[in-house]
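*Asks:* Quick one, structure for this:
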Amino acid sequence: MLKGALKTVNEWLELVIDLLKTLIVVGIVVGILFDDFFGVIAGLGRIMAQFGDAGFAGILALMILVMWYDKK
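*Replies:* Alright, predicted model coming up:
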């Protein structure tokens, strides 16, 4: 019973994450076409700047995120 509930929650989370990824891509495209109306590109720039400001630890964290994402 618990295993089935965890599987259901995991499936929901996968759907939500897929939706968020799609919304980010749409936000980037809209930002490119209409001068970053929603601020998505600026937000991504701030996130990447934070990784860069952290030096080696930031690069290492970014590499871990990329490797984790590639496993799926």
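
*Asks:* And the residue positioned nearest the centre of the chain, how close does it get to residue 45?
*Replies:* Centroid-nearest residue in the chain, with C-alpha atoms, centre = their mean: residue 21, separated by 6.3 Å. Per C-beta to C-beta, to the nearest Å, residue 21 is found 18 Å from residue 45. For glycine as for every other residue, the C-beta is placed from the backbone atoms N, C-alpha and C.

*Asks:* So for the lengthiest helix in the chain, what gets flagged as buried?
*Replies:* Longest helix in the chain, counting residues (DSSP state H): helix 2-33. Of the residues in helix 2-33, 27, 31 count as buried by neighbour count, 16 or more other C-beta atoms under 10 Å.

*Asks:* Please save the CA atoms from stretch 10-19 in CSV.
*Replies:* This file holds the C-alpha atoms of stretch 10-19, laid out as CSV (Å, rounded to 0.1, in the frame of the first residue of the first chain):
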residue,chain,number,x,y,z
ASN,A,10,6.5,10.1,-7.7
GLU,A,11,4.4,10.0,-10.9
TRP,A,12,2.7,13.3,-9.9
LEU,A,13,6.0,14.9,-9.2
GLU,A,14,7.4,13.8,-12.6
LEU,A,15,4.3,15.4,-14.3
VAL,A,16,4.8,18.7,-12.3
ILE,A,17,8.5,18.8,-13.1
ASP,A,18,7.8,18.2,-16.8
LEU,A,19,5.2,21.0,-16.8
